[in-house]
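J.: compute the structure for the input listed below.
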Amino acid sequence: MRRLWLVFSQAVTVAVAVLFVVLTFKPEWLPGGRVPLALPAPTLIQAAPAAAASGALGVAGSFAGAAAQAAPAVVSVMATRGARRGGADPHAGVPGFEEFFGNPGRRQVGLGSGVIVAPQGYLLTNHHVVQGASEIEVQLTDGRSAAATVVGSDPETDIAVLKIDLPGALPVMRLGDVRALRVGDPVLAIGNPFNVGQTVTSGIVSALDRTGAGSQFQNFIQTDAAINPGNSGGALVDASGALVGINTAIFSRSGGSMGIGFAVPVDTARSVMEQIIAGGEVRRGWIGVELREITPELAESLALQARNGVLITGVLQDGPAARAGVRPGDVLVQVADRPVRATSDLFAAVAALAPGSTAPLVVQRGRETLRLKVQVGDRNRDSGRR
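T.: Residues are numbered from 1 along each chain as shown. So this is what the prediction gives:
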């Protein structure tokens, strides 16, 4: 009996030790996924509906008031990527090596921008600004600086959430309403281009719901306000000084601004930040279908009754869409309350659904319009599927 008790106690001790190691280093192996971060919720300041834009321009159409409100909350971000470990560089001193291949043993400092959006010290910036960084320093316009920690990052939207701790109050930018933006509205881009110091450039909203700028899960704001290297992660603000986007990419043949810049809409950035702070990751919906854009030629050849929407060319067996009754050949025209006109609309609409929730779908099957209910899957667990 004593021997059995000794074996039992040893087994329990080993089990507890293994559980401790898993909880500490690999919490995602446990049921329920990653352990939520013990962080305070952000206090976000939503801008009130603005008056007519002309009223915000001030004397002679100046944007000085908007810039003065927004600029203090825009910071410079210096991300250091550490030197390669393992001793001296064997290629050190080889003539021409660094010119062709660079020096992987040298500490590299990336420069970008960020926006303080909550008095608890939360900042929004780009994922590519802080990716792989071993140290991150944030410089405020009032001269204060602080080391920043990465709360979380989402490569799909190129949004990262940082946190700083500094004594005294922090300048916080108000969040604007992207839905109120119109093509032609004036906007300002604020950041630290080429590390010359904080810079404000002006332009207009060139286009909305722009796709093809690096993510299939969102539609970007396009602007002609000058955005250059170092502006990444900075603010795109409206004429009242409220944040409407996080500058993330440019189209350029030279590496500098050519008048085509893209910003992540603030509602997308806000959703990503809230999910990261609450649970440590961004969860996206998935329904398990293969898609194809509907062209006039395709609609004619297949005798499709619906000319708007996307064609379902494949349905994963026993996936969410299959269980909801979706079939190949159906035309999906609406997900929840969002109309679907192109595959990018469907990607964004499905990704916005909470995994495990139930959402309505509207499909056109021949001459019949069907309203179905789908239980949304989790894209994180079914990577590469739609």
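J.: listing partners with orientation, what would you give for the longest strand anywhere in the chain?
T.: Longest strand in the chain, counting residues (DSSP state E): strand 199-210. Applying DSSP bridges to the sheet, strand 199-210 is found paired with strand 186-191 (antiparallel), strand 220-223 (antiparallel).
J.: JSON lines for the ones you listed, including mean neighbour count, distance to residue 361 and mean pLDDT?
T.: C-betas here are computed from N, CA, C, even on glycine. As requested, those are exported to JSON lines (neighbours: other Cβ atoms under 10 Å; distance: least, Cβ to Cβ, whole Å; pLDDT from 0 to 100):
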{"stretch": "strand 186-191", "mean neighbour count": "25", "distance to residue 361": "35", "mean pLDDT": "92"}
{"stretch": "strand 220-223", "mean neighbour count": "26", "distance to residue 361": "26", "mean pLDDT": "89"}
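J.: could I get those strands as JSON lines with distance to residue 284?
T.: Listed next are the strands paired with strand 199-210 as JSON lines, based on distance: least, Cβ to Cβ, whole Å:
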{"stretch": "strand 186-191", "distance to residue 284": "28"}
{"stretch": "strand 220-223", "distance to residue 284": "18"}
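J.: closest one to residue 77 among those strands?
T.: strand 186-191 (9.6 Å; Cβ to Cβ).
J.: okay, now the nearest residue to residue 374 once chain neighbours are set aside: neighbour count?
T.: Distances taken as Cβ to Cβ, 6 or more residues apart in numbering place residue 324 nearest to residue 374, at 3.9 Å, with adjacent residues excluded. When neighbours are defined as other Cβ atoms under 10 Å, residue 324 has 21 of them.
J.: please enumerate the helices of the stretch 251-386 of the chain.
T.: 266-279, 296-301, 320-324, 343-351 (DSSP state H, counting those that start in this stretch).
J.: kindly format the C-alpha coordinates of the shortest one as CSV.
T.: Meaning helix 320-324. Extracted C-alpha coordinates of helix 320-324, given in CSV (Å, rounded to 0.1, in the frame of the first residue of the first chain):
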residue,chain,number,x,y,z
PRO,A,320,-19.9,25.8,-41.8
ALA,A,321,-21.3,26.8,-45.2
ALA,A,322,-22.1,23.2,-46.2
ARG,A,323,-24.0,22.6,-42.9
ALA,A,324,-25.9,25.8,-43.6
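J.: among the helices of the stretch 251-386 of the chain, single out whichever gets nearest to residue 245.
T.: Closest among the helices of the stretch 251-386 of the chain, using Cβ to Cβ: helix 266-279, at 5.7 Å.
J.: list the buried ones in the closest one?
T.: Buried residues in helix 266-279, counted by 16 or more other Cβ atoms under 10 Å: 266, 267, 268, 269, 270, 271, 272, 273, 275, 276, 277.
J.: hang on, isn't the first one packed against residue 238?
T.: No - when contacts are counted by Cβ atoms under 8 Å, residue 266 is not listed as touching residue 238 (10.0 Å).
J.: and of the strands paired with strand 199-210, who's closest to residue 331?
T.: Checking the strands paired with strand 199-210 against residue 331 by Cβ to Cβ gives strand 220-223 as the closest, at 26.2 Å.
J.: show me what that closest one is in contact with.
T.: Strand 220-223 has contacts (Cβ atoms under 8 Å, 6 or more residues apart in numbering) with 178, 181, 187, 189, 203-211, 213, 236, 244-245, 248-249, 260-265.
J.: could you redo the last one with a cut-off of 10 Å?
T.: With contact meaning Cβ atoms under 10 Å, 6 or more residues apart in numbering, strand 220-223 is reached by 178, 181, 183, 185-189, 201-214, 236, 244-251, 259-266, 268.
J.: same deal with stretch 294-301?
T.: Outside stretch 294-301, the residues that reach it (Cβ under 10 Å, 6+ apart) are 292, 302, 304-311, 331, 341-343.
J.: which of those residues fall in strands?
T.: Using DSSP E, the contacts of stretch 294-301 in strands are 292, 310, 311, 331.
J.: ok, the second one to residue 169 distance?
T.: Summarising the geometry, the distance separating residue 310 from residue 169, computed by Cβ to Cβ, to the nearest Å, is 48 Å.
J.: neighbour count: these two, which is higher?
T.: In this comparison of residue 310 against residue 169, neighbours counted by other Cβ under 10 Å, the higher total goes to residue 310 at 23 against 7.
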